[in-house]
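[1] What follows is a protein structure lacking sequence information:
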């Protein structure tokens with residue numbers, strides 16, 4: 001009888017949530033199809049993520065009785081101007097920092113030379129400090145023109161990735177019309193939810209709506225909140241490292257903040273690289289320890305004030321779970337998987353919590 005009651009409960013549950021299960025299966029099938037044609041769908045996915053991030057701003061301005069089309073055009077223009085200004089600022093700062101590094105190259109070369117084992121020196125063809133200096137100087141000169149090399153490499157990679165000329169042209173055009181995708185997604189995003197709910201039976205709409213709102217809260221907390229946290233950390237890291245006086249302070253601080261989108265990666269990168277740069281410039285332990293101390297202080301502020309105020313506890317993943325999710329995402333899908341590991345794990349946690357709540361009400365669990 002207990003098994004029959006449990007079977008009946010499971011059947012009832014599946015009937016009630018069958019529309020949502022069907023939608024989930026269709027979404028997974030669509031994701032698999034998009035992944036198989038990732039070169040075409042990546043611009044669409046990028047535009048969809050940007051639309052999701054920007055939609056609250058657009059909706060808020062629309063609530064001030066500004067036409068949505070005008071709001072979208074203003075927001076997109078602001079993004080272009082903001083990115084152009086940020087690029088100009090960081091490009092100038094990094095160029096000046098590279099010039100400072102080049103001035104200190106002889107000292108860096110001598111310091112490196114004393115730390116490198118003899119066999120490694122022979123293998124790298126840097127038997128003398130002068131050879132090391134020339135090698136590093138050549139690398140820096142190449143770094144100045146790295147943007148052109150990256151563009152050339154990206155072009156070659158994309159061209160090789162697509163066997164047909166038509167596929168290559170469609171891919172390039174797809175990235176160029178990403179702003180068009182973004183515009184239409186922002187314009188039609190409010191109608192997506194209404195259209196999706198119309199496909200859900202009325203008896204299940206309240207449940208599906210509640211689950212969707214909870215998932216939206218988790219995703220918005222991570223996507224929008226984590227991006228804000230990354231910007232704040234990039235500014236704090238850059239200010240602290242600049243005050244300590246190490247070379248490439250703005251570049252290291254900014255990159256550390258950006259990499260914080262993948263939990264723990266940005267912090268580890270910033271600590272290691274900043275301590276190395278501090279040791280090479282000042283030849284003591286004080287300045288590397290100052291870099292370490294600054295990262296510890298900023299991380300303490302981030303954990304106690306910044307993240308709770310911006311992200312809150314809506315994501316609520318245990319650190320061990322987040323680390324495991326990062327390893328699994330990296331193992332399966334590389335860097336892209338690490339970027340999506342934490343939000344996907346947070347969404348799965350929502351489903352698991354609802355599934356656990358249902359299980360605790362079943363006759364099988366209660367023994368009735």
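    The structure has been received and is ready for your questions. Everything numeric here is computed off the predicted structure, so don't read it as measured data.
[2] Every contact and neighbour count from this point should use C-alpha atoms.
    OK.
[3] For stretch 70-88, what is the distance to the chain centroid?
    Offset of stretch 70-88 from its chain centre (Cα atoms, centre = their mean, to the nearest Å): 20 Å.
[4] Quick check: which helices or strands does the helix or strand encompassing residue 365 pack against?
    In this structure, residue 365 is located in helix 363-366 according to DSSP states H and E. Applying 3 or more Cα pairs under 8 Å, 6 or more residues apart in numbering; DSSP states H and E, we find helix 363-366 packed against helix 2-36.
[5] tell me which residues in the helix or strand following the helix it packs on are buried?
    Per DSSP H and E, the first helix or strand lying C-terminal to helix 2-36 is helix 38-62. Neighbour-count burial for helix 38-62 flags 39-48, 50-55, 58-59, 61-62 (criterion: 16 or more other Cα atoms under 10 Å).
[6] Residue 223 versus the most centrally placed residue in the chain, what's the distance?
    The geometric centre of the chain, computed from its C-alpha atoms, lies nearest to residue 261 (Cα atoms, centre = their mean), at 4.1 Å. Distance, residue 261 to residue 223, using Cα to Cα, to the nearest Å: 9 Å.
[7] what is the mean pLDDT for the strand or helix carrying residue 195?
    Taking DSSP H and E as the criterion, residue 195 maps to helix 178-198. Regarding helix 178-198, the rounded mean pLDDT is 81.
[8] least trustworthy helix or strand in this protein by mean pLDDT?
    helix 146-161 (a mean of 53; mean pLDDT, DSSP states H and E).
[9] quick one, what contacts residue 307?
    Listed by Cα atoms under 8 Å, 6 or more residues apart in numbering, the contact set of residue 307 reads 225-226, 229.
[10] And residue 262, by the same measure?
    By Cα under 8 Å, 6+ apart, the neighbours of residue 262 are 338-339.
[11] how far away is it from residue 196?
    31 Å.
[12] re the thing from before, quick one: list the elements packing against the following helix or strand past the helix holding residue 195.
    Using DSSP H and E, the helix or strand that follows helix 178-198 in sequence is helix 202-244. Using 3+ Cα pairs under 8 Å, 6+ apart, the elements in contact with helix 202-244 are helix 2-36, helix 38-62, helix 249-259, helix 286-301, helix 307-310, helix 319-359.
[13] can you list contacts of the helix holding residue 195?
    Outside helix 178-198, the residues that touch it by Cα under 8 Å, 6+ apart are 43-44, 46-48, 50-52, 54-55, 58, 68-69, 72-73, 205, 209.
[14] does residue 284 sit in a helix, a strand or a coil?
    On the three-state scheme (DSSP: H, G, I helix; E, B strand; the rest coil), residue 284 is labelled coil.
[15] Low-confidence stretches in the stretch 1-150 of the chain?
    Scanning the stretch 1-150 of the chain for pLDDT under 70 picks out 1-24, 26-28, 30-40, 100-102, 104-106, 108-115, 129, 132-133, 136, 140-150.
[16] I'd like the contacts of residue 307 written out as a markdown table, with neighbour count, pLDDT and distance to residue 363 added.
    Shown next, in a markdown table, are these (neighbours: other Cα atoms under 10 Å; pLDDT from 0 to 100; distance: Cα to Cα, whole Å):
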| residue | neighbour count | pLDDT | distance to residue 363 |
| --- | --- | --- | --- |
| 225 | 19 | 79 | 41 |
| 226 | 19 | 80 | 41 |
| 229 | 21 | 86 | 45 |
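[17] for those, which one is nearest residue 107?
    The closest of those to residue 107 turns out to be residue 229 (Cα to Cα; 36.3 Å).
[18] so how far is residue 361 from the closest one?
    In terms of Cα to Cα, residue 229 sits 39 Å off from residue 361.
[19] Repeat that for residue 323.
    32 Å.
[20] Looking at the two, which is more packed in?
    Between residue 323 and residue 361, counted using other Cα atoms under 10 Å, residue 323 has the larger neighbour count: 17 against 11.
[21] Pull up the gap between the more buried one and residue 348, please.
    15 Å.
[22] so how many other residues sit close to residue 355?
    11.
[23] per-residue confidence for it?
    Model confidence at residue 355 (pLDDT) stands at 81.
[24] What of residue 174?
    As predicted, residue 174 sits at a pLDDT of 66.
[25] picking that back up, for the contacts of residue 307, give me JSON lines that also has distance to residue 239.
    As requested, the contacts of residue 307 are exported to JSON lines (distance: Cα to Cα, whole Å):
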{"residue": "225", "distance to residue 239": "21"}
{"residue": "226", "distance to residue 239": "20"}
{"residue": "229", "distance to residue 239": "15"}
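[26] domains in the chain, as residue ranges please.
    Annotated domains of the chain cover 37-199, 203-368 [automatic domain parsing].
[27] Test my guess that residue 62 contacts residue 72.
    No: contact criterion Cα atoms under 8 Å: residue 62 and residue 72 do not qualify, at 9.3 Å.
[28] picking up where we left off before, figure out how far the helix holding residue 365 is from the centre of its chain.
    In this view, helix 363-366 has its centroid 42 Å away from the chain centroid, taken as Cα atoms, centre = their mean.
[29] Could you do stretch 62-73 as well?
    28 Å.
[30] Ok, stretch 44-55 next?
    Using Cα atoms, centre = their mean, the offset of stretch 44-55 from its chain centre is 13 Å.
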